[in-house]
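**Q** next comes the sequence, and after it the predicted model I'd like to discuss.
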Amino acid sequence: GQNIDQPTEMTATEGAIVQINCTYQTSGFNGLFWYQQHAGEAPTFLSYNVLDGLEEKGRFSSFLSRSKGYSYLLLKELQMKDSASYLCAVPDQTGANNLFFGTGTRLTVIP
Amino acid sequence: ETGVTQTPRHLVMGMTNKKSLKCEQHLGHNAMYWYKQSAKKPLELMFVYSLEERVENNSVPSRFSPECPNSSHLFLHLHTLQPEDSALYLCASSQDQTASGNTIYFGEGSWLTVV
């Protein structure tokens, strides 16, 4: 089966950098996703990592270490609008690649 | 705008009512999903349809009944629900259910309250 651990809540200051960690256990690995979800809205896709290393997309970067079962999402130059939940997800191992989500990390950006 | 539209956005229903949630995707995708999101719990996959055929049913109670009349539309029929079924129900779609890197696109969700 799968298991995902993320911190429940984090707070950071506008303009700062924050790192949201995710550790996972899965019987087979087929990539890791990060989604952003603002309160009352749909989750939206942020990134997909399947190889080790850091992938940068503007202010957001995502890192993966398959040997450690570890990923993080790095948010730079934080803005108030970045206050949201960040969901880590891995495809399940039924062969169908349905996504299995963690509980998410609720990030609050303060002035 | 994600290309996945859900109606209604909010629904309050009694335990003896019958109602339906509707989802439509405008992305030309082949797979559609229903997820349930309860407070402080992870997203739970309920049903998966691939090319209009149900391929997964994750031990969901029979009071939830999905229907996929074509690849663009997905329904969730609700009857005799319980208060603990109150949650956000998210519809989603993806190009291909089995491909690696299968990115899922979510609708805005339907907030369901059972009274």
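**A** Arrived safely. Numbering: from 1, shown residues only, chains lettered A, B, ... in the order given.

**Q** packing partners of the helix or strand bottoming out on mean pLDDT in chain B?
**A** Least confident helix or strand, chain B: strand B:53-57 with a mean of 78, by mean pLDDT, DSSP states H and E. Judged by 3 or more Cβ pairs under 8 Å, 6 or more residues apart in numbering or on different chains; DSSP states H and E, strand B:53-57 is in contact with strand B:44-50, strand B:64-70. Heads up, the C-betas are built off the backbone N, CA and C, glycines and all.

**Q** rerun that using 6 Å as the cut-off
**A** Identification of packing neighbours for strand B:53-57 by 3 or more Cβ pairs under 6 Å, 6 or more residues apart in numbering or on different chains; DSSP states H and E yields strand B:44-50.

**Q** do the strand it packs on and chain A meet at all?
**A** Yes - remark: strand B:44-50 sits within contact range of chain A at B:45, B:48, by Cβ under 6 Å from any Cβ of the partner chain.

**Q** listing partners with orientation, what would you give for that strand?
**A** According to DSSP bridges, strand B:44-50 forms sheet pairs with strand B:31-37 (antiparallel), strand B:53-57 (antiparallel).

**Q** chain A contacts on chain B?
**A** So chain B meets chain A at B:2, B:42-43, B:45, B:48, B:97-98, B:100-104, B:106-108 (Cβ under 6 Å from any Cβ).

**Q** which members of these are the farthest-apart pair?
**A** Spanning the widest gap among the residues of chain B next to chain A are B:Ser100 and B:Glu108, at 27.2 Å by Cβ to Cβ.

**Q** higher neighbour count, the two?
**A** Taking neighbours as other Cβ atoms under 10 Å in any protein chain shown, B:Ser100 and B:Glu108 compare with B:Glu108 leading, 18 against 11.

**Q** pretty sure the more buried one contacts A:Ala42?
**A** Yes - between B:Glu108 and A:Ala42 there is a contact at 4.9 Å, judged by Cβ atoms under 6 Å.

**Q** all strands for the chain, in order.
**A** All of this refers to chain A. Assigned by DSSP state E, chain A shows strands spanning A:2-5, A:9-13, A:18-26, A:32-37, A:44-49, A:53-57, A:60-65, A:70-75, A:84-91, A:99-101, A:105-110.

**Q** my question was about chain B
**A** Ranges of strands in chain B, per DSSP E, are B:4-7, B:10-13, B:18-25, B:31-37, B:44-50, B:53-57, B:64-70, B:73-79, B:87-94, B:105-106, B:110-114.
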